[in-house]
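Asks: fold the stuff below for me.
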Amino acid sequence: MFKRLVWVGTTLDDLRTLPDEARRIAGHALHLVQLGQEPSDWKPMSTLGAGVHELRVRTAVEHRVFYVAKFAEGIYVLHVFQKKTQKTASRDIELGRRRYRSVLSRRKALGHPEER
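Replies: Alright, predicted model coming up:
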């Protein structure tokens with residue numbers, strides 16, 4: 001099973017701006033998710049929406065990737081950002097939520113099955 005990545009909003013451009021090491025770690029982790037495997041450092045982010053996960057990219061500077069992989073058609077990458085404090089900033093949480101709702105609306109408009 002191999003799922004395609006669906007980049008939501010500016011996520012692909014945001015990923016491309018990460019430092020080389022962080023981009024390599026995030027890319028490898030997303031590839032594992034595409035193969036149906038678990039990345040080594042992640043946690044559920046149900047506060048953003050059902051099935052949303054956070055990849056933790058740990059280098060000299062912390063980065064995070066919010067994604068949802070529960071849909072058959074692909075893995076939606078919702079947000080890529082640098083984490084500057086121990087607690088995730090409310091603007092990053094809200095952007096992840098907004099993009100998740102956008103994905104659900106788009107899926108519904110395209111006639112995809114409801115969430116599972």
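Asks: in three-state terms, label Leu95 for me.
Replies: Here Leu95 is recorded as helix under DSSP: H, G, I helix; E, B strand; the rest coil.
Asks: can you say which helix or strand has the nearest residue to it once chain neighbours are set aside in it?
Replies: Spatial nearest neighbour of Leu95, chain neighbours left out: His79 (5.4 Å); criterion: C-beta to C-beta, 6 or more residues apart in numbering. The way it works is simple: take the backbone N, C-alpha and C, and place the C-beta from them, glycine included. Counting by DSSP states H and E, the element that carries His79 is strand 74-82.
Asks: by contact count, what packs against that strand?
Replies: strand 5-7, helix 11-16, helix 20-34, strand 62-71, helix 90-109 (3 or more C-beta pairs under 8 Å, 6 or more residues apart in numbering; DSSP states H and E).
Asks: tell me how many other residues surround Tyr76.
Replies: Other residues lying near Tyr76 total 26 when counted by other C-beta atoms under 10 Å.
Asks: again, but for Val8
Replies: Val8: 23 neighbours (other C-beta under 10 Å).
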